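# Requesting a structural model of the entry that follows:
(2 chains)
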Amino acid sequence: MNKKIISKILDNGLQIYFYPDSTKHSVFMDFIVLYGAFHSDFTVNNKNYHMNNGMAHLIEHLLFEKNQYGNFANFFGNLGMKTNATTSTYMTDFFVDTVEDAEKALEYLIKGISKPVFTKEDIEEIKPAIYQEIRMRNDEIGRSVYKSHTKNMLLNYSYIDGLGTKKNVEDITYEQVKLCYDIFYQPKNEILFIAGNFDVDKIFLKIKKIYETLSFKMSNFSYLKIEEPLSIKKRFQEIVMPTPKEYACVCYKLDFSSYSREQRRMLSYYLGFFLGENFSIVSSLYKKLIKEKIIESPLSCNFNFFEDILLISIGGFTNNRKILVKNIRNVLENKPAFNEKLFYLDLKSEKMKTLCSDVSFYSISRNLKENISYFNSPCLDSVEDLQSLNFRDFQKFIKDLNFKEYFVTTVTDVK
Amino acid sequence: MKNEINIYKTKNFHKIVLDIVFPCVRKENYSIYGNLLIRLLSKKSNKYPTEEMFSNALIENYVMGFSFSKSICGENWFYTFHVVLADNSILKEKEYNYEKTLQFVFDSIYNPFALDNSFYASEMEIAKKQLSNYIESGYKNIKHYASIRTDEILDDENYFFDSPFYHKEDIENITEQELFSYFKEVIYKKRPLLFIVGNVDSNFVNIFEKILSKKEENFLIPYTIKPYPKVKKIKTLEEVKEYNQSIVKFVYKIQNFHQEDIVKLNVLNFILNSQSSRVLHEFLRIREKLVYTAGSSFSARYGLLYITAQIYKEQHLKTIETIKDIMKILNDKDFLKEKLEKVKLRKRINLERQKDDIFCYLEDLKGTFFKIHDTFVEEYKNVKKITVENMLAFLKRLQLDTIYYLEGSKDE
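The predicted structure is shown next:
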C-alpha cells in the first residue's frame, strides 16, 4: 500500500479513516467495533463481568441477520451490493462493497448496526447456524490445533477461539447479549473505514448527518487486565481426527510486555523474516527434514498476540513427530546464525510487494484493523516502515526472544 | 498458431500478470504425469538448483509470483506457469530490465532442475510422496471427500478419467526419465500461448519472439462441450465417516445440453448461490435452519449443476426434501421472475467491479481465446436477453442424477 489514510473523528468519539482512490470503481465501507472474541472480562460501573466464549461472534450474527432491514445478506444483495461480517480476536466488523449508491449503503450499514431490534426469539433462532459453524470448524485440522494451543497455553484467559463451544453458545442469554451490545456498540468504541472512489468531504458530512439521528447509551467500561503467567502446565495434547498423515505442531509462549505497541508492529516484520528464513522451503532445516524423510511438504508458521503474550507456532505433516518437534525446538532454542544478504533480499521483496501488489480494499481494511487492534497504530504498512528496518536490530531482537515454554499438539488419524 | 501472444494493455494496476500456457491432449496413460510435474517445476531450475537460490533469483529479477498448475480445458490439459512481475513504472528500479527478467522466466521453465534427460531420483521420490499425500488428504478432508465420491457416482461416461484420485497406483511406476521425456514433449520443445495484462508495450512481443523463435508450435483441440446422455435412474449413496458435520450433495444433468445453455446454467447458479438472490441460503438456512452454509456450482462443459449443503446429521432427510422443494419452487413464474431480475442487476454491477481486478482481465483474455466463454461484457448482454420463459423451459430439462449423503458420526 502506498497511499496515506485520512483520519477524522466525530464529537461522539467515532473514528473515521478514509482511503480515497479515484482510479477504482467501487466503494468499500467497514464498520468496525473494538469488541472481539478475546473480550470476555470487563468492568462497567465498578462491576466485573465475565461472558462466555462466543459472545462477540453471536452478536455479530444477530446484528447481521436480525436488524431493522432484515438480513444484511438479503438486503444488500437485493441492491447488488456485497456484504459480510467477521469476528476476530479484538474486533468485530461488518462490511459493504458497492458500485452504486455508496451514501445510501453507508446509511443502511450504520443504522442497521446502531439501532438494534433483536428479540429473545431472534437470539434462539440464530443459534443453530452457529452450532453448525462450530461443527464445520471442528473438522479443520488447523483450527483444531489452534484451539489446542490457546486452551492449553493461555491459562488465565478464557479465550479459546472466536466461536466458543456449543454449550457456551447455548448458555448465552438475551440479557447478556443486551448488556454487551449496550456497552460495546457505541461510537467511541467504533471505527469506520471507507475506501474507494468517493468524495471525502461529502461522505464525512453524510456520516455526521446520520449520527445526528442516532442516540446511544454511553457507558464507561474497561477491559479487565488479567495477569497471564509465562509458564504452562501441560506439554502435550493429541487430537484424533481424519488426517492424511500425522501432524505435529510446536507452540511457544513468549513475553512481550517490555515492548510498546508500536515496537511490536515493527518487530512483527522481523518475526516474519525470522520464521521464513528458518522454516520455509528456503531454510536449511527444511532441506534437512526433507533429506531425512521426516517431512514431505512445507511447514507452516504463525504468530498471534494476546495482550502481552506472543504465541508462535510451527508445524507440519510428518513421518516422525518426535524428530520434527526436536528439530523445530533446536532451531528456536539454539538460535542459528543469521544471513545478512538474505535479510536485505527479504526486505527488497517486501518493498516490491508493498508497492506493486494491488491489494483489495478488504485487505487494506484488514491491515488497518490489525495495526489498530494489536499495535494501537491506526496506520497502514508502508515502504517507510521497511526503510527503518535493519539487520543489526533484527539480530538483537531475535536473540532477545526467550524460547522456553512450549507445547506440542499432534493430530493422529482415526483408526 | 496465430495469435499466440495475447496482450491487454492497461496502466490501472501496479503489476503485470502473465500466464504461459502449454496445451497438450489429454491421454489416460499420462493422467498423473502433470500432477507430478507440478511438484517438480517452479521451485528450482538448473541454473538455481536450490529453493533458496531460486527464491533469491525471483526477487533479484523482480518476479513477485511464479507458480505452475495443471488444468483441464475440453480435451486438453493446460500446463500453465503463472507469473507476476512488478511494474517498473511504479517500482522505478534502474537495474530492472524486462528482457532480462523474461529471459530468466523462460530459462527457469525450459531448464528445470534435471540432468542428462532425467529428473533427479531424489526429487522424483519427494514429488511422488507429495502427490500421494495430496491424494490421501483429499480422502480425509470432508468437503473434498464428498466431491470425490459424488463425481465417482455421477460420472457413468468416464469423463473424469484423468482425475489423480483414480490413478494413485500409477504413481510408483513412473520413472524420472519417462517423466522428463514427457516434459520435453509437452513443454520443452513447445512455444506456449501467452496471456499478459498490465502496463506492457510492443517491446514485450519482440522479447517473446526472440526467446521463443526456435520452439515448435503447439497443438490444441478446439474446446467443445460434452454433455452426458439422458439420466436413466437417480443414483444414491449414503456412507458414514468420523466427522463432526454431515454433507448432502445433489447433482443435476441437463438433458440435450447445448452451447447456448451455458448462460442459462450460469444464471441458475447465480439464482441459487449469489448474494443477490441466495435461494439456497434463504430456504436451507433462514427458513428451515438446516445449515450454516450451502452452495451451488456448475460445469459448463458437461452440463452439470451441483448443490451442496453442510448440515447436522439429524436433519439430512429434511435437507433432501427442502432441496427438492427449492427446485420445484423455481418453476413458479413470479418467484423466478423476481430472482432473474436480481441476477441481471448483479451481473451489471459485477461488470464495474471486475474493472478493478487484473485477474478478471486475464480470465477474459483466456476464456475468449479458447472459446470457453464470451467476454464478460458479451456475457452480460446475453444474460439481459434471457426471459422467464427461457429459464422455465431450461429448468424442465434438469434431471436429478445423484444424491449423496455423508454422515459425520461424531457426537456433540
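
# Please make it C-alpha for all contacts and neighbour counts, starting now.
Noted.

# Quick check: the residue of the stretch 101-250 of chain B nearest chain A.
Closest residue of the stretch 101-250 of chain B to chain A, Cα to the nearest Cα: B:Ser137 (4.7 Å).

# Excluding chain neighbours, what is closest to that residue?
Counting by Cα to Cα, 6 or more residues apart in numbering or on different chains, B:Ser137 lies nearest to A:Pro244, which is 4.7 Å off, once chain neighbours are set aside.

# Quick check: the one you found vs A:Asp182, distance?
Between A:Pro244 and A:Asp182 the computed distance is 46 Å (Cα to Cα, to the nearest Å).

# neighbours around the residue of the stretch 251-400 of chain B found nearest chain A, how many?
Proximity of the stretch 251-400 of chain B to chain A (Cα to the nearest Cα) peaks at B:Ser276, 3.9 Å away. Residues within reach of B:Ser276, counting by other Cα atoms under 10 Å in any protein chain shown, total 28.

# got a pLDDT number for the nearest residue to it once chain neighbours are set aside?
Distance criterion Cα to Cα, 6+ apart; nearest residue to B:Ser276, sequence neighbours excluded, is A:Gly77 at 3.9 Å. Predicted confidence (pLDDT) at A:Gly77: the value is 92.

# hmm, back to that, neighbour count: A:Pro244 and A:Asp182, which is higher?
Per other Cα under 10 Å, whichever of A:Pro244 and A:Asp182 has more neighbours is A:Pro244, with 21 against 16.

# Could you say whether the more buried one sits in a helix, a strand or coil?
coil (DSSP: H, G, I helix; E, B strand; the rest coil).

# which residues sit in contact with it?
A:Pro244 makes contacts with A:Asp413, B:Asn133, B:Glu136, B:Ser137, B:Tyr139, B:Lys140, as judged by Cα atoms under 8 Å, 6 or more residues apart in numbering or on different chains.

# Which phi and psi values does it adopt?
Backbone dihedrals for A:Pro244, given as degrees, to the nearest 10, come out at phi -70, psi -30.

# quick one: it from A:Val414, how far?
10 Å.

# again, but for A:Ser231
In terms of Cα to Cα, A:Ser231 sits 32 Å off from A:Val414.

# Excluding sequence neighbours, find me the nearest residue to A:Met277.
Just to correct that, residue A:277 is Glu rather than Met. Closest residue to A:Glu277 apart from its sequence neighbours, by Cα to Cα, 6+ apart: A:Ser283 at 5.4 Å.

# contacting residues for the one you found?
A:Gly276, A:Glu277, B:Glu52.

# For the contacts of A:Pro244, give me CSV that also has secondary structure, pLDDT and neighbour count.
CSV is the format used below for the contacts of A:Pro244 (DSSP: H, G, I helix; E, B strand; the rest coil; pLDDT from 0 to 100; neighbours: other Cα atoms under 10 Å in any protein chain shown):
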residue, secondary structure, pLDDT, neighbour count
A:Asp413, coil, 93, 14
B:Asn133, helix, 95, 17
B:Glu136, helix, 94, 17
B:Ser137, helix, 94, 17
B:Tyr139, helix, 94, 20
B:Lys140, helix, 93, 23
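
# what's the most distant pair in those?
A:Asp413 and B:Asn133 (13.4 Å; Cα to Cα).

# what do the two both touch?
A:Pro244, A:Lys245.

# Ends of stretch B:5-22, what's the gap?
End-to-end distance for stretch B:5-22, by Cα to Cα: 13 Å.

# List the buried residues of that stretch.
B:5-8, B:13-22 (16 or more other Cα atoms under 10 Å in any protein chain shown).

# how close does the spatially most central residue of chain B get to B:Lys253?
Nearest to the mean C-alpha position of chain B, counting by Cα atoms, centre = their mean, stands B:Ser71 at 6.2 Å. Distance from B:Ser71 to B:Lys253, counting by Cα to Cα: 22 Å.

# ok, now A:Phe38?
From A:Phe38 across to B:Lys253, the span is 47 Å (Cα to Cα).

# for the spatially most central residue of chain A, what are its contacts?
Nearest to the geometric centre of chain A sits A:Ser88, at 4.5 Å (Cα atoms, centre = their mean). A:Ser88 is in contact with A:Gly36, A:Ala37, A:Gly162, counting by Cα under 8 Å, 6+ apart.

# Per-residue pLDDT of the second one, please?
Put plainly, it is A:Ala37. 97.

# pull the helix or strand with minimum mean pLDDT from chain A.
helix A:383-387 (a mean of 89; mean pLDDT, DSSP states H and E).

# so does it get close to chain B?
No: Helix A:383-387 lies apart from chain B when judged by Cα under 8 Å from any Cα of the partner chain; the minimum separation is 11.3 Å.

# repeat for stretch A:348-357
Yes: using Cα under 8 Å from any Cα, stretch A:348-357 reaches chain B at A:Lys348, A:Ser349, A:Met352, A:Lys353, A:Leu355, A:Cys356, A:Ser357.

# how about that stretch as PDB, C-alpha atoms only?
Extracted in PDB, the C-alpha atoms of stretch A:348-357 (Å, rounded to 0.1, in the frame of the first residue of the first chain):
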ATOM      1  CA  LYS A 348      13.600  -5.900  -1.100                       C
ATOM      2  CA  SER A 349      10.900  -8.400  -1.700                       C
ATOM      3  CA  GLU A 350       8.600  -6.800   0.900                       C
ATOM      4  CA  LYS A 351       9.200  -3.400  -0.700                       C
ATOM      5  CA  MET A 352       8.300  -4.700  -4.100                       C
ATOM      6  CA  LYS A 353       5.100  -6.300  -2.800                       C
ATOM      7  CA  THR A 354       4.100  -3.200  -0.800                       C
ATOM      8  CA  LEU A 355       4.400  -1.000  -3.900                       C
ATOM      9  CA  CYS A 356       3.100  -3.300  -6.600                       C
ATOM     10  CA  SER A 357       0.600  -5.700  -5.100                       C
END
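
# mind listing what the nearest residue to B:Asn6 once chain neighbours are set aside touches?
Nearest residue to B:Asn6 in three dimensions, chain neighbours excluded: B:Phe195, at 4.8 Å (Cα to Cα, 6+ apart). The contact partners of B:Phe195, by Cα under 8 Å, 6+ apart, come to B:Ile5, B:Asn6, B:Ile7, B:Leu18, B:Asp19, B:Ile20, B:Leu362, B:Leu365, B:Lys366.

# coming back round to it: how much space separates the residue of the stretch 101-250 of chain B closest to chain A from A:Lys245?
Counting by Cα to Cα, the gap from B:Ser137 to A:Lys245 is 8 Å.

# What is the subsequent helix or strand relative to the helix or strand harbouring A:Leu355?
Under the criterion of DSSP states H and E, A:Leu355 resides in helix A:340-356. Note on helix A:340-356: by DSSP H and E, the next helix or strand toward the C-terminus is helix A:361-375.
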